[in-house]
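Enquirer: how would this look folded up:
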Amino acid sequence: MTHPPRAALIPLLFAGFLGFAGCESNPMPAARPGTPAAAAADLLPLPEQALDLAMLQPPGTPFRLGPGDVLEIEVAGGVATQATVTVGPDGRIYYDILPGIDVWGLTLPEARDRLADAWGRYVREKPVVTLVLRSVASQKIWVLGRLNSPGVYALGGPTSLLDAVAGAGGLGVSTQPGGSYSEAADLSRSFLVRGGHRVPVDFARLLQGGDLSQNVYLQPDDFIFVPSYRSAEVHVLGAVLQPRSERMGGALTVVQALALAGGTVPGACLPNVAILRGSLAHPQIAIVAVNRVLKGQAPDVRLEAGDIVYVPYTPERVLLRYANLIVDTFVRTVGVNEGAYTISSKAQPLTVGVNLTP
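Expert: Residues are numbered from 1 along each chain as shown. Below you'll find the model as predicted:
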């Protein structure tokens with residue numbers, strides 16, 4: 001089966017959307033006019049986001065128990081009272097003759113006191129209970145990508161980003177015959193996700209420049225991803241039928257990329273399609289009025305490898321907020337797909353095509 005050329009797809013996929021753009025045009029930096037075939041993008045640098053200084057300090061909150069954590073218990077003065085127990089899926093531990101003791105969410109001192117109170121019902125005096133945390137399973141971090149030992153790691157104590165990368169074996173580099181290197185880590189596209197949002201860490205400054213002002217401390221469920229340098233790709237997200245990453249086999253424009261993603265959906269805001277270019281820590285943005293391009297009133301815009309093309313549903317009036325929305329959508333999509341693939345190599349890629357708000 002032969003496929004029509006890219007140019008032939010465009011009228012078919014966008015014909016239904018020329019009559020309505022889904023939003024009013026919003027004054028923002030626009031793509032610079034160029035040759036009719038493909039213009040260059042007039043990119044506007046965005047201000048660097050500062051890290052919250054509190055992230056650079058070890059967390060002050062104590063460790064709290066959860067399912068899978070392994071504890072060693074011993075009651076002073078008792079015979080053969082030492083035992084190793086695991087917090088069950090219900091958050092309870094089962095020790096000796098005691099009924100299930102709920103310790104989920106408790107600190108070690110709180111769990112120790114609860115055990116002592118329960119044991120005290122069977123003896124005259126409140127016993128002295130020793131409780132030691134032997135291993136952690138309830139609090140994890142994801143450290144994936146171009147590392148020597150990527151995986152899911154327990155977070156049993158204060159752990160910095162640098163600690164996590166080192167614990168995962170450091171950055172991985174492949175060698176080819178003759179000693180040449182391939183698939184080195186792409187620090188410009190590396191990211192840390194917390195609570196669905198990217199933490200503004202500059203991986204290049206930390207891992208190449210040794211800048212400890214970027215060495216944040218991690219929290220449970222943090223997701224770290226260090227991608228490889230791969231073949232040239234552009235990423236199309238937002239209000240399109242098939243959000244995807246598209247390999248660049250040659251020259252590629254914004255409208256062609258949108259066509260390859262199935263076209264836009266009803267309600268898409270065509271006057272404010274964004275191109276995000278550069279590293280995630282220092283991105284640049286340009287706005288393309290795709291509605292005008294489709295009507296022949298403006299030239300199409302060339303894309304470069306690594307560009308993120310985002311089609312919104314509603315116009316965004318604050319450029320930095322718009323860029324943050326695009327980056328968050330991108331890192332969540334990549335993070336979910338990489339996490340799912342880690343669990344099962346048969347996982348189907350997830351696409352994020354909704355207008356997620358920060």
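Enquirer: let me know the secondary structure of T314.
Expert: Local secondary structure at T314 is given as coil here, using DSSP: H, G, I helix; E, B strand; the rest coil.
Enquirer: and the helices in this structure, which stretches?
Expert: Under the criterion DSSP state H, helices of the chain are mapped to 6-14, 108-120, 161-167, 203-207, 254-260, 290-294, 319-343.
Enquirer: output the ones you listed in JSON lines, with mean neighbour count and mean pLDDT appended to each entry.
Expert: All C-beta spots, glycine's among them, are computed from the backbone N, C-alpha and C. What follows is the helices of the chain, written out as JSON lines (neighbours: other Cβ atoms under 10 Å; pLDDT from 0 to 100):
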{"stretch": "helix 6-14", "mean neighbour count": "15", "mean pLDDT": "42"}
{"stretch": "helix 108-120", "mean neighbour count": "17", "mean pLDDT": "91"}
{"stretch": "helix 161-167", "mean neighbour count": "18", "mean pLDDT": "94"}
{"stretch": "helix 203-207", "mean neighbour count": "20", "mean pLDDT": "93"}
{"stretch": "helix 254-260", "mean neighbour count": "24", "mean pLDDT": "92"}
{"stretch": "helix 290-294", "mean neighbour count": "23", "mean pLDDT": "91"}
{"stretch": "helix 319-343", "mean neighbour count": "19", "mean pLDDT": "80"}
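Enquirer: in JSON lines, list these along with distance to S190.
Expert: Formatted as JSON lines, the entries for the helices of the chain read as follows, by distance: least, Cβ to Cβ, whole Å:
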{"stretch": "helix 6-14", "distance to S190": "31"}
{"stretch": "helix 108-120", "distance to S190": "34"}
{"stretch": "helix 161-167", "distance to S190": "9"}
{"stretch": "helix 203-207", "distance to S190": "4"}
{"stretch": "helix 254-260", "distance to S190": "24"}
{"stretch": "helix 290-294", "distance to S190": "30"}
{"stretch": "helix 319-343", "distance to S190": "10"}
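Enquirer: I101: which of those is closest?
Expert: For those, proximity to I101 was assessed by Cβ to Cβ; helix 108-120 is nearest, at 5.7 Å.
Enquirer: where does the protein have low pLDDT?
Expert: Residues of the chain meeting the criterion pLDDT under 70: 1-41, 78-79, 173-183, 230-231, 337, 339-358.
Enquirer: how is it divided into domains?
Expert: Annotated domains of the chain cover 6-50+232-343, 53-59+138-226, 70-135 [automatic domain parsing].
Enquirer: comparing those domains, which comes out most buried?
Expert: When the domains of the chain are scored by mean count of other Cβ atoms under 10 Å, the highest mean neighbour count falls to domain 6-50+232-343 (a mean of 18).
Enquirer: for the stretch 101-250 of the chain, which segments are assigned as strands?
Expert: Ranges of strands in the stretch 101-250 of the chain, per DSSP state E, counting those that start in this stretch, are 101-102, 129-135, 140-145, 151-154, 174-175, 181-182, 191-194, 197-199, 223-226, 233-238, 244-247.
Enquirer: my read: R189 touches I308, true?
Expert: No - the criterion here is Cβ atoms under 8 Å, and R189 misses it with I308 at 10.1 Å.
Enquirer: need the contact list for F203.
Expert: By Cβ atoms under 8 Å, 6 or more residues apart in numbering, the contact set of F203 is L187, S188, S190, F191, Q214, V226, A281.
Enquirer: the third one contacts Y229, correct?
Expert: If I follow you right, that is S190. No - using Cβ under 8 Å, S190 is not in contact with Y229, being 11.4 Å away.
Enquirer: follow-up on the earlier one: for the contacts of F203, which one is nearest V240?
Expert: Using Cβ to Cβ, F191 comes nearest to V240 of these, at 22.2 Å.
Enquirer: not counting its neighbours along the chain, what's nearest that closest one?
Expert: By the measure of Cβ to Cβ, 6 or more residues apart in numbering, the closest residue to F191 outside its immediate chain neighbours is V331, 4.8 Å from it.
Enquirer: distance of that neighbour relative to L192?
Expert: Look at V331 and L192: by Cβ to Cβ, to the nearest Å, they are 9 Å apart.
Enquirer: find residues that contact each of those two.
Expert: The overlap between the contact sets of V331 and L192 (Cβ under 8 Å, 6+ apart) consists of R198.
Enquirer: all good on my end, thank you.
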